[in-house]
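Peer 1: coords please:
(2 chains)
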2 protein chains.
Amino acid sequence: MRATVMYGAGDVRVENVPDPSLVEPTDAVVRVTQAAICGSDLWPYKSMEPDPNGRRMGHEFIGVVDAVGSGVRTMKTGNLVLAPFVVSDGTCVFCQEGLQTSCLHGGRYGFDGVDGGQGEAVRVPHADGTLVVLPVDEDDALMPSLLTLSDVMATGHHAALAAQVGPDKAVAVVGDGAVGLCGVIAARRLGAERIIILGRHPDRIALAREFGATDVVSERGDEAVERVRELTDGLGAHSVLECVGLEQSTVTALSIARPGGAVGRVGVPQGESIPNAPVFMENVTIAGGPAPARAYIEELLPDVLEGRIEPGRVFDRATDLDGVPDGYRAMNDREALKVLIEP
Amino acid sequence: MRATVMYGAGDVRVENVPDPSLVEPTDAVVRVTQAAICGSDLWPYKSMEPDPNGRRMGHEFIGVVDAVGSGVRTMKTGNLVLAPFVVSDGTCVFCQEGLQTSCLHGGRYGFDGVDGGQGEAVRVPHADGTLVVLPVDEDDALMPSLLTLSDVMATGHHAALAAQVGPDKAVAVVGDGAVGLCGVIAARRLGAERIIILGRHPDRIALAREFGATDVVSERGDEAVERVRELTDGLGAHSVLECVGLEQSTVTALSIARPGGAVGRVGVPQGESIPNAPVFMENVTIAGGPAPARAYIEELLPDVLEGRIEPGRVFDRATDLDGVPDGYRAMNDREALKVLIEP
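Peer 2: All right, here's what the predicted structure looks like:
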């Protein structure tokens, strides 16, 4: 089969790789119908050391079950399934607590003999614990929005929960990438009426407004902090969603939080540390991490199926596998917001 | 009157200073009956640059109201009052939310013309918003325990709340100082059955056990992390109370938290930053800060009055004003756990 392999910064290729097959009785093999390029795929795209073995890429996909091991109970050949961005066994103490990203027997796509999602097929370990059967056909118009539940919409929701979003709270979303935009959807969905987005790309800001953002701050650094304070009676935002992960954006996120407020971080941190002040003196809570998408699908799926949220609108480009390398380039150059792959 | 003044590291003196008097109509003047030396007073004792003007010390005290301004409504001359460790107006948005440490018009004892608590009397601004009238006489045997509500017991409670302590959770308390010991009391009070204390002073550990600690880890650094993991099925503690504030203790606290767990920080951070990993990848929440003692007194006071908790046992030495400099020395040398002052 063909799949996406990264050999180093800026070096993404689509190549022939071995076809996946069942290894464990709890495996499923899934033929990929839709996949995506993630903002987090751009970190290695910017910085990966050259590796002659390459790294299989992709962790967001929907597909049709091609084969299941003898131990798989919740799906069968022909089912359409959604894959959250990590593998989880569904039975360990953390899975039972809804924190599947810390599964004791979990794993990541593209590592340890597991295929990446940006290819024709994937061997998925712990299929019952990982995959969710979708109640639609593979050509359903909702497919882009459903695909976001594998990562980006679940991640926006996680940021909003970690930031303790609720009615009557002023919310700030740092970052106008796909996760930030989904953070706006999540904040609106959880009842926030005041949603300030920090970003400066006109198309993305326009989409943020359609998703529910009420105010836009296009400044950066200290000026952004100043502007958010102006918009919040000088106090800061109750809930801040940090959807970038850079040190500068993290400092901004912590600085615009109101005393007693909370920052929900979902951007993979690129810095070494979190500054202490003014976080401690103002009792600002820092929460978040990788989103347990598997835990959130049950809650978010009805809203997608019934059209109440449309996170699939973050996809502004589609390609087949051949176009994947250019898709990375386009996202890295901020020419595309998020790229949908149809293998 | 006589009061405690610090002129630099290791240089604490008891001197004659002007008698306090009413300045604003919302002031009260309080004659101090009991005060305390705080672990946080030891930071300047270790590191304060020489200052010829000196700094008035002390922020934990109980006293009798000597005079009230015309705008004071909730107390009168002769009332016994408890002073939380910061001044708060009781009316601003943060006071209304129970975060009096972020009061928009708040202040600190020993700064901006406000007296310190380690002296014969104090002018307390915003008396109605700050002070709490106690329903006992000044010679009541509960006085040491009541005094802890001004800071150290409220701070232990705050750490426990920030760390999301509850029944069925494994709790770890980093630090066996007075705050850590009060953290043990708070964790027990909130229903925790497994309470691991990290510390190595035999007398303090013995007291921690009486307060409810079930396990003791006397190792430090990586060995302490290893030991806590052994005690928690390899998973870590759900709730970690960081009651020291040093960079090393903070790293330990973050490292012993279970995935999805929470660290409640109340030790004033002496480091510049918080390390990112493994906090983010394991969805560990970092919360806490200065405790809004004023908000917690209502909840904790009945437990003290009815003898259900005895935080006053953290005092292991008492002195008059003359003995205050030696009290600082004794606490700094870890000869005393916490010193009670009776001016």
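Peer 1: Return the residues of chain A in contact with chain B.
Peer 2: Listed as neighbours of chain B in chain A under the rule Cβ under 8 Å from any Cβ of the partner chain: A:93-94, A:97, A:99, A:101-102, A:162, A:235, A:259-260, A:265, A:268-269, A:271-277, A:279-290, A:292. Every residue, glycine included, has its C-beta placed from N, CA and C.
Peer 1: out of those, which are inside strands?
Peer 2: A:P259, A:G260, A:R265, A:S273, A:I274, A:P275, A:T285, A:I286, A:A287, A:G288 (DSSP state E).
Peer 1: and the two most separated of those residues?
Peer 2: The span of these, defined through Cβ to Cβ, is set by A:G260 and A:S273 at 22.9 Å.
Peer 1: who's more crowded, the two?
Peer 2: Neighbours per residue (other Cβ atoms under 10 Å in any protein chain shown) separate A:G260 from A:S273, with A:G260 holding more: 22 against 16.
Peer 1: Surely the more buried one touches B:E97?
Peer 2: Yes. Between A:G260 and B:E97 there is a contact at 6.3 Å, judged by Cβ atoms under 8 Å.
Peer 1: Distance check, the residue of the stretch 51-200 of chain A found nearest chain B against B:C103.
Peer 2: When distances are taken as Cβ to the nearest Cβ, the stretch 51-200 of chain A reaches nearest to chain B at A:S102, 3.6 Å away. Taking Cβ to Cβ, to the nearest Å as the measure, A:S102 falls 38 Å from B:C103.
Peer 1: A:R329 too?
Peer 2: In terms of Cβ to Cβ, A:R329 sits 52 Å off from B:C103.
Peer 1: more neighbours, the two?
Peer 2: Neighbours per residue, other Cβ under 10 Å: of A:R329 and B:C103, the larger number sits with B:C103, 24 against 15.
Peer 1: mind checking pLDDT for the closest residue to that one other than its chain neighbours?
Peer 2: Excluding its sequence neighbours, the residue lying closest to B:C103 (Cβ to Cβ, 6 or more residues apart in numbering or on different chains) is B:S88, at 3.8 Å. What the model reports as pLDDT for B:S88 is 98.
Peer 1: Now B:S88, what are its backbone angles?
Peer 2: According to degrees, to the nearest 10, the main-chain angles of B:S88 amount to phi -150, psi 150.
Peer 1: Who are the contact partners of it?
Peer 2: Counting by Cβ atoms under 8 Å, 6 or more residues apart in numbering or on different chains, B:S88 touches B:C95, B:Q100, B:T101, B:C103, B:H105, B:G106, B:H126, B:G129, B:T130, B:R294.
Peer 1: residue ranges with poor pLDDT in chain A?
Peer 2: For chain A, residues meeting the criterion pLDDT under 70 lie at A:277.
Peer 1: Break it into its domains for me.
Peer 2: A:2-151+A:292-341, A:153-288 (automatic domain parsing).
Peer 1: So which of those domains is the most surrounded?
Peer 2: Mean neighbour count (mean count of other Cβ atoms under 10 Å in any protein chain shown) peaks for domain A:153-288 among the domains of chain A, with a mean of 23.
Peer 1: Can you measure across that one, start residue to end residue?
Peer 2: 14 Å (Cα to Cα, to the nearest Å).
Peer 1: One more: stretch A:279-291?
Peer 2: Distance across stretch A:279-291, first residue to last, is 23 Å (Cα to Cα).
Peer 1: Go ahead and measure how far that stretch is from the middle of the chain.
Peer 2: Here stretch A:279-291 shows a centroid-to-chain-centroid distance of 20 Å under the convention Cα atoms, centre = their mean, to the nearest Å.
Peer 1: CA atoms of stretch A:165-172 as PDB?
Peer 2: The C-alpha coordinates for stretch A:165-172 follow below in PDB (Å, rounded to 0.1, in the frame of the first residue of the first chain):
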ATOM      1  CA  VAL A 165     -15.500  27.400  30.400                       C
ATOM      2  CA  GLY A 166     -19.100  28.000  31.400                       C
ATOM      3  CA  PRO A 167     -22.000  30.500  31.100                       C
ATOM      4  CA  ASP A 168     -21.300  34.000  32.300                       C
ATOM      5  CA  LYS A 169     -17.500  33.600  31.800                       C
ATOM      6  CA  ALA A 170     -15.300  35.600  29.600                       C
ATOM      7  CA  VAL A 171     -13.300  33.300  27.400                       C
ATOM      8  CA  ALA A 172     -10.100  34.000  25.500                       C
END
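Peer 1: So which residues make contact with it?
Peer 2: A:160, A:163, A:186-187, A:190-198, A:217, A:228, A:231-232, A:237-241, A:253, A:256, A:258, A:264.
Peer 1: Figure out how far it is from the centre of its chain.
Peer 2: 21 Å.
Peer 1: Check stretch A:147-155 too.
Peer 2: Per Cα atoms, centre = their mean, the centroid offset for stretch A:147-155 relative to its chain is 5 Å.
Peer 1: next one: stretch A:75-84
Peer 2: Using Cα atoms, centre = their mean, the offset of stretch A:75-84 from its chain centre is 20 Å.
Peer 1: Export only the CA atoms of that stretch, formatted as CSV.
Peer 2: The C-alpha coordinates for stretch A:75-84 follow below in CSV (Å, rounded to 0.1, in the frame of the first residue of the first chain):
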residue,chain,number,x,y,z
MET,A,75,-17.1,-4.0,15.2
LYS,A,76,-17.0,-6.1,12.1
THR,A,77,-15.8,-6.0,8.5
GLY,A,78,-17.5,-3.3,6.6
ASN,A,79,-18.1,-1.0,9.6
LEU,A,80,-17.2,2.7,9.2
VAL,A,81,-14.9,3.6,12.2
LEU,A,82,-13.5,6.8,13.6
ALA,A,83,-9.9,6.6,15.1
PRO,A,84,-9.0,8.9,18.0
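Peer 1: need the contact list for the residue positioned nearest the centre of chain A.
Peer 2: Nearest to the geometric centre of chain A sits A:V152, at 2.7 Å (Cα atoms, centre = their mean). The contact partners of A:V152, by Cβ under 8 Å, 6+ apart, come to A:A36, A:C38, A:G39, A:E60, A:A178, A:V179, A:C182, A:P311, A:V314, A:K338.
Peer 1: For B:L80, see how far away the third one is.
Peer 2: For A:G39, the distance to B:L80 equals 60 Å [Cβ to Cβ].
Peer 1: swap in the last one?
Peer 2: According to Cβ to Cβ, A:K338 and B:L80 sit 64 Å apart.
Peer 1: what do you get for A:S249?
Peer 2: Distance from A:S249 to B:L80, by Cβ to Cβ: 51 Å.
Peer 1: again with A:E210
Peer 2: 60 Å.
Peer 1: ranges for the strands of the stretch 101-250 of chain A?
Peer 2: A:107-108, A:121-124, A:132-133, A:170-174, A:194-198, A:215-217, A:237-242 (DSSP state E, counting those that start in this stretch).
Peer 1: Give the pairing partners of the first one; include direction for each.
Peer 2: This points to strand A:107-108. Partner strands for strand A:107-108, per DSSP bridges, with pairing direction: strand A:86-87 (antiparallel).
Peer 1: chain center to the strand it pairs with: distance?
Peer 2: For strand A:86-87, the distance to the chain centre is 13 Å (Cα atoms, centre = their mean).
Peer 1: quick one, helices of the stretch 201-343 of chain A?
Peer 2: A:202-211, A:221-231, A:247-255, A:293-305, A:324-332 (DSSP state H, counting those that start in this stretch).
Peer 1: helices or strands next to the first one in the packing?
Peer 2: Taking 3 or more Cβ pairs under 8 Å, 6 or more residues apart in numbering or on different chains; DSSP states H and E as contact, the helices and strands that helix A:202-211 lies on are helix A:178-189, strand A:215-217.
Peer 1: Now the longest one - C-alpha only, CSV.
Peer 2: Just to be clear, that refers to helix A:178-189. Output of helix A:178-189 as CSV, limited to C-alpha atoms (Å, rounded to 0.1, in the frame of the first residue of the first chain):
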residue,chain,number,x,y,z
ALA,A,178,-7.8,24.7,13.5
VAL,A,179,-7.6,23.8,17.2
GLY,A,180,-8.2,27.4,18.3
LEU,A,181,-11.2,27.6,16.0
CYS,A,182,-12.6,24.4,17.4
GLY,A,183,-11.9,25.9,20.8
VAL,A,184,-14.3,28.7,19.9
ILE,A,185,-16.9,26.1,18.9
ALA,A,186,-16.4,24.3,22.2
ALA,A,187,-16.6,27.5,24.3
ARG,A,188,-19.8,28.5,22.6
ARG,A,189,-21.2,25.0,23.0
